[in-house]
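Trainee: Here is my input, please return the structure:
(2 chains)
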Amino acid sequence: MKTNPVYRREMMVSARSLRMPLIITVFNSILAIVALLNMYSNVMQVRLTADVEYGSFLGIYEFVTVVEFIMLMFIMPAITSGTISGERERQTLDLMLTTEMKTWEIVVGKLAAAFVNMFLVVVSSFPLVAVVFVYGGITGKDMLLMLICLVVSALFSGSLGICCSSLFKRSTVSTVAAYAVLALTVVGTYGVNSFAYSMARMDLGQSGYMMGMIGEQAASSGGFLYTLLVNPSVTFLLILQDQTATGNGILEMYGNRGPNLVTDHWVAVSSGVQLALSALFVFIAIKMVRKRGIGRNA
Amino acid sequence: MLEIRGLKKTFGKYQVLNGLDMTVPDGSLYGFVGPNGAGKTTTIKIMVGLLQADGGSVRLGETLSGAEGWKRHIGYVPDFFGVYDNLKVAEYMEFFAACYGLEGLRARKRCAALLEQIGLEDKVDFYVEGLSKGMQQRLCLARALIHDPEVLILDEPMAGLDPRTRFEFKETLKDLREQGKTIVMSSHVLSELSELCTDVGIMDQGRMALTGNIRDILSQVNSSNPIVITLFGGGTDRALNILKSHPYVHTITVKDQDIIVRFTGDRQDEAVLLQQLIDAGLLVSSFTREQGSLESLFMQITGREEERTVLKYENESGL
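Mentor: Presented below is the predicted three-dimensional model:
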């Protein structure tokens, strides 16, 4: 089978660099230390109280998946936001554009290489996550669902990075832009919902006919709730809360008025929305590479 | 045959190409010159498919630029060398071979043959960023040949190379032409182009000011160059009297021992004039037409030679 030349080259170059082995070593070392400390504290607790707190073993799972999620969300844009602009800075983009390779092959090859590299880090931590199987509570299906969520999040943040990379000439500018958009997506959507929710509560409180608890229960962020569909952290937290049975439903925080088709199938719908946005980012990147590759340096 | 017809390109309010026409015969080494901003790089970028023209066409045989398969016919060597970190020479070549769908043993054989042709066969395991500029430029040439294109387009390929590397690069280009490749090359080093090229095109202000076979052009340049007459033992005044009365003499400049004459007659008229000077008893030690060069032609076309001539005429003319 023919391999994408850009993907093959990127993988070859990254395999030679010390960066990936270093990331894998540091990441897994931190996770291993945390897992061992967690087990140690559980053993100590058993010695003191003679009770086995099985729930605390899930702490390892929570910790590992949260770290993985944060890493994917924050490292993927850093890697991909320099891909196209880096080619432009090295003056190698023109050389590729004069070959028979299609523009989409360049963009997809770059994204795939960054994705596979990051996923290597995630997969390398699976033996640590598997520690929870010793005590039970998390099933293989749960892990698969979490893996799918991480894949979608990685694709989302990675394609956002590559889109910014194609829009801006300089890697530093595109990295800043990618993080700005990501912050807007993750923090901004929470902010909008919090604001809309508090405004709704104030309105109901002032209207007089619904006061106190009734008013608070009736309040919601309304249609703004659906802006959270583009926020990968909401999808992740919903899955994690469901699997570990911890915390309140994140959608209820903003007065989820459900049930409806979207809120009932939030994970599936939000994953679909994020995948669609990822495809849109890649599409924009392809268009921009074609246009910028052709239009610059008069 | 690579044919460009009525090529137009505007960037904002600035018209870079204004109906450029150009014909590059098959198997020729076409030198492409022009002052900065004349539109050379823009033309080259349109030819290789990196820019889209606002009007006009670029055609190679029956294939129009931008059509399916166009890029397979064209090899491009830009005026820079894009370096990938952590990539060896052989891997660099194989990467670009893969970009043209050439993979496996075929790609490796082709890469090895090209590296041998350009003299980098002993550098296959070297990292690309560690090569000298000359080697990088040769590697860039090999990369452009990876898919065996009919036409090779080079943008200032010898800029910044040392004399030895320039010589080797020129030899490689000559070899490629002998192998049947059509080569289009832009350069600012006109002496190199006149020595290397079979055809030349001089661009000015987005148009082709002059194009054709380099020998034909230089012979035309020669016939429009001034005649330099040197006399032995004086007699300049008598010579000036004869020259002033000659119908083909337009301007006369006296400079030290030399009389420089702008003469529009043909070779026979030149011979008659020489005979007249000798018959007048003058000892003519030298009677030659100044040799034309691509540089002088370039200066004339781009408007700077004319200024020089006027100054000389005003300051020094004996008329």
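Trainee: Show me how far the longest helix anywhere in chain B is from its chain's centre.
Mentor: Under DSSP state H, the helix in chain B containing the largest number of residues is helix B:163-178. Distance of helix B:163-178 from the chain centroid (CA atoms, centre = their mean, to the nearest Å) equals 15 Å.
Trainee: Which neighbouring elements make contact with that helix?
Mentor: strand B:29-33, helix B:133-144, strand B:182-186, helix B:190-196 (3 or more CB pairs under 8 Å, 6 or more residues apart in numbering or on different chains; DSSP states H and E). All C-beta spots, glycine's among them, are computed from the backbone N, C-alpha and C.
Trainee: Out of those, which is the most enclosed?
Mentor: strand B:29-33 (a mean of 26; mean count of other CB atoms under 10 Å in any protein chain shown).
Trainee: near chain A, which residues of the stretch 1-150 of chain B?
Mentor: The stretch 1-150 of chain B comes close to chain A at residues B:11, B:14, B:16, B:41-42, B:45, B:48-52, B:71-72, B:74, B:76, B:78, B:80-87, B:91, B:95-96, B:98-101, B:103, B:143, B:147, as judged by CB under 8 Å from any CB of the partner chain.
Trainee: filter those residues to the buried ones?
Mentor: When the residues of the stretch 1-150 of chain B next to chain A are checked for burial by 16 or more other CB atoms under 10 Å in any protein chain shown, the buried set is B:16, B:41-42, B:45, B:48-51, B:71-72, B:74, B:76, B:78, B:80-84, B:87, B:91, B:95-96, B:98-100, B:143, B:147.
Trainee: Okay, and which of these map to helices?
Mentor: Cross-referencing these against helices under DSSP H gives B:41-42, B:45, B:48, B:71-72, B:91, B:95-96, B:98-99, B:143.
Trainee: Reformat those as JSON lines; add pLDDT.
Mentor: Putting these into JSON lines (pLDDT from 0 to 100) gives the following:
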{"residue": "B:Thr41", "pLDDT": "88"}
{"residue": "B:Thr42", "pLDDT": "90"}
{"residue": "B:Lys45", "pLDDT": "90"}
{"residue": "B:Val48", "pLDDT": "89"}
{"residue": "B:Lys71", "pLDDT": "87"}
{"residue": "B:Arg72", "pLDDT": "89"}
{"residue": "B:Glu91", "pLDDT": "93"}
{"residue": "B:Phe95", "pLDDT": "93"}
{"residue": "B:Phe96", "pLDDT": "93"}
{"residue": "B:Ala98", "pLDDT": "93"}
{"residue": "B:Cys99", "pLDDT": "92"}
{"residue": "B:Arg143", "pLDDT": "92"}
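Trainee: Put together CSV for those residues, with distance to B:Val249 on each row.
Mentor: Converted to CSV, those look like this (distance: CB to CB, whole Å):
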residue, distance to B:Val249
B:Thr41, 43
B:Thr42, 43
B:Lys45, 48
B:Val48, 50
B:Lys71, 56
B:Arg72, 57
B:Glu91, 67
B:Phe95, 65
B:Phe96, 60
B:Ala98, 67
B:Cys99, 62
B:Arg143, 56
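Trainee: How about the stretch 151-300 of chain B: which residue is closest to chain A?
Mentor: B:Ile153 (9.2 Å; CB to the nearest CB).
Trainee: Setting the sequence-adjacent residues aside, check what's closest to that residue.
Mentor: Spatial nearest neighbour of B:Ile153, excluding adjacent residues (CB to CB, 6 or more residues apart in numbering or on different chains): B:Val184 at 4.8 Å.
Trainee: residues in contact with the one you found?
Mentor: B:Val184 makes contacts with B:2, B:24, B:30, B:32, B:44, B:47, B:151-154, as judged by CB atoms under 8 Å, 6 or more residues apart in numbering or on different chains.
Trainee: how about a cut-off of 10 Å?
Mentor: By CB atoms under 10 Å, 6 or more residues apart in numbering or on different chains, the residues touching B:Val184 are B:2, B:22, B:24, B:28-32, B:43-44, B:47, B:74, B:151-155, B:197, B:199, B:201.
Trainee: and residue 279, how many neighbours?
Mentor: As the question left the chain open, I've gone with chain A. Using other CB atoms under 10 Å in any protein chain shown, A:Ala279 has 12 other residues around it.
Trainee: you looked at the wrong chain, it should be chain B
Mentor: 9.
Trainee: And it, how far from B:Asn241?
Mentor: Relative to B:Asn241, B:Asp279 is positioned 13 Å away (CB to CB, to the nearest Å).
Trainee: ok, now A:Phe119?
Mentor: 95 Å.
Trainee: Show me which of the two is the more surrounded one.
Mentor: Neighbour count, other CB under 10 Å: between A:Phe119 and B:Asn241, A:Phe119 has more, with 16 against 10.
Trainee: That one belongs to a helix?
Mentor: Yes - under DSSP: H, G, I helix; E, B strand; the rest coil, A:Phe119 falls within a helix.
Trainee: what's the spacing between it and A:Leu275?
Mentor: In terms of CB to CB, A:Phe119 sits 16 Å off from A:Leu275.
Trainee: What mean pLDDT does the helix or strand that A:Ser278 is a member of get?
Mentor: Using DSSP states H and E, A:Ser278 sits within helix A:266-295. The average pLDDT within helix A:266-295 is 87.
Trainee: Could you grab the helix/strand/coil label for A:Leu145?
Mentor: Going by three-state DSSP: A:Leu145 is helix.
Trainee: per-residue confidence at it?
Mentor: pLDDT, read off for A:Leu145, is 91.
Trainee: what sits against it?
Mentor: Counted by CB under 10 Å, 6+ apart, A:Leu145 has contacts A:139, A:239, A:242-243, A:267.
Trainee: Also A:Val67?
Mentor: Counted by CB under 10 Å, 6+ apart, A:Val67 has contacts A:27, A:30-31, A:34, A:125.
Trainee: lowest-pLDDT helix or strand in chain A?
Mentor: The helix or strand of chain A with the lowest confidence, counting by mean pLDDT, DSSP states H and E, is helix A:212-218 at a mean of 55.
Trainee: in terms of contact, does A:Met71 touch A:Asn117 like I think?
Mentor: No - with contacts counted by CB atoms under 10 Å, A:Met71 stays clear of A:Asn117, the gap being 11.9 Å.
Trainee: Pull up the overlap in contacts between those two.
Mentor: Joint contacts of A:Met71 and A:Asn117 (CB under 10 Å, 6+ apart) are A:Ile23.
Trainee: how about A:Thr99, secondary structure?
Mentor: Three-state call for A:Thr99 (three-state DSSP): coil.
Trainee: Just want to check the distance between it and chain B.
Mentor: For A:Thr99, the distance to chain B equals 4 Å [CB to the nearest CB, to the nearest Å].
Trainee: number of nearby residues for that residue?
Mentor: If we define neighbours as other CB under 10 Å, then A:Thr99 has 25 of them.
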